[in-house]
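**Student:** Need a 3D model of the following:
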Amino acid sequence: MGVLGAVAIVVFCISLMTGSSGISPTRALNVLAGGHDEAVRSVLMQVRLPRLLAGFGVGALLALSGVLLQALFRNPLADPFVLGVSGGAAVGALCAMLAGCAALAVQGCAGAGALTSVAMVYFLARGGGTARLLLTGVVVASACGALVSVLLALATSVQVRGMVFWLAGDLSWALSPRASLAAAFLAAALAVVVARPLNVLAAGELRARAVGLELETWRPLLFVACAILTAIAVVSAGTVGFVGLITPHAVRLIFKTSDHRLVAPASALAGGTVLAAADLIARTVASPRQLPVGAIMAIVGAPIFLFLLRSKNRNTH
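**Tutor:** The predicted model follows:
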């Protein structure tokens, strides 16, 4: 955890001092040390820092959602977007963009769409267990994907660019990092508190019933918690994949444990660090143009996930 914290601090410092505005790390460091260059201070404190904090918050939320979902479904491929949350948010956000709404209204519509899709999944799958919940989420997500295609076809060429960036994940939509950071801290603390039930759930339904765990209570609670965490992340940054999928795997492999007392906080810290690093690449690799952070995560995340799978198989055998 100390090494992971040190890596997070290094990524934080590099991200804060590096960007596409032409400000050298020396000038940035001088301002952070108390210099009086107001133009540089404005860029660092009003542009880079909020975006960086939002990246840490969103990454932590997605990683925690992945931890909870993989414990709930006992499926290593469970992803925060499997519940249809991102699909509903995408439909809501794209409808707002199509209507010409401002950024705040787009975020509000994205949140409403996410909660609507979650409610649909919950009520359609109610009483059917985790398998039915998973299948219902996949179906709702597919239906939302079809609606997204229709909305993109109806949009003008000017609107399509903003829509595509939102769908690919873009931290420039994160107007304030407070919501994602506060939710991430609270969720990580609660995950540590309920680590024992999570460990029991991950061990299987028979084990859970043998020790008296009330599955009928814990399943909907975890479902709603994952949906809320993912909805906050999606509203802040659009649809960013792979963070919730690869981070829990990497933490379990590196720490050699599945104990959620360690996996949950470590995944939150690692998820925030990974997304902040991906956003740094997105801001600088094609400077002065900025790439969508979701696309960078997909490009980097796919080979990392394959490597983790091979490492896990090698350790198993």
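
**Student:** all contacts plus neighbour counts: C-alpha atoms, from now on.
**Tutor:** Will do.

**Student:** All the helices of the stretch 101-250 of the chain, residue numbers only.
**Tutor:** Secondary structure of the stretch 101-250 of the chain, counting by DSSP state H, counting those that start in this stretch: helices at 103-125, 129-154, 157-168, 178-193, 195-203, 205-210, 215-237, 243-255.

**Student:** With respect to those helices, which exhibits the lowest mean confidence?
**Tutor:** Lowest mean pLDDT of these: helix 205-210, a mean of 79.

**Student:** which residue is nearest the centroid of the chain?
**Tutor:** Note on the chain: the residue nearest the mean C-alpha position is L62, at 2.9 Å, using CA atoms, centre = their mean.

**Student:** now it, nearest residue through space, not along the chain?
**Tutor:** Spatial nearest neighbour of L62, excluding adjacent residues (CA to CA, 6 or more residues apart in numbering): G244 at 4.8 Å.

**Student:** before we move on, the earlier item: in JSON lines: the helices of the stretch 101-250 of the chain, plus mean neighbour count and distance to A39.
**Tutor:** JSON lines is the format used below for the helices of the stretch 101-250 of the chain (neighbours: other CA atoms under 10 Å; distance: least, CA to CA, whole Å):
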{"stretch": "helix 103-125", "mean neighbour count": "20", "distance to A39": "25"}
{"stretch": "helix 129-154", "mean neighbour count": "17", "distance to A39": "38"}
{"stretch": "helix 157-168", "mean neighbour count": "17", "distance to A39": "28"}
{"stretch": "helix 178-193", "mean neighbour count": "18", "distance to A39": "24"}
{"stretch": "helix 195-203", "mean neighbour count": "19", "distance to A39": "46"}
{"stretch": "helix 205-210", "mean neighbour count": "13", "distance to A39": "58"}
{"stretch": "helix 215-237", "mean neighbour count": "21", "distance to A39": "26"}
{"stretch": "helix 243-255", "mean neighbour count": "22", "distance to A39": "34"}
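
**Student:** nearest to R310, of the ones you listed?
**Tutor:** Of all the helices of the stretch 101-250 of the chain, helix 243-255 sits nearest to R310, with 11.2 Å by CA to CA.

**Student:** What is the neighbour count of E38?
**Tutor:** E38 has 10 neighbouring residues, counting by other CA atoms under 10 Å.

**Student:** er, A102 actually
**Tutor:** Using other CA under 10 Å as the criterion, A102 is surrounded by 10 other residues.

**Student:** That one and I14: what is the separation?
**Tutor:** A102 sits 32 Å away from I14, going by CA to CA, to the nearest Å.

**Student:** and what of L68?
**Tutor:** With the distance defined as CA to CA, L68 ends up 31 Å from I14.

**Student:** The residue nearest to the centre of the chain contacts G271, correct?
**Tutor:** Yes. Counting by CA atoms under 8 Å, G271 is a contact partner of L62 at 7.2 Å.

**Student:** what sits in contact with each of those two?
**Tutor:** Shared contacts of L62 and G271, defined by CA atoms under 8 Å, 6 or more residues apart in numbering, are found at V243, G244.

**Student:** show me the contacts for L135.
**Tutor:** Under the criterion of CA under 8 Å, 6+ apart, L135 has no contact partners.

**Student:** make that A266, sorry
**Tutor:** With CA under 8 Å, 6+ apart, A266 has these contacts: M1, L4, V251.

**Student:** repeat for M297
**Tutor:** V240, G241, F242, V243, L275, A278.

**Student:** Now P292: closest residue in space, sequence neighbours ignored.
**Tutor:** D170 (5.0 Å).
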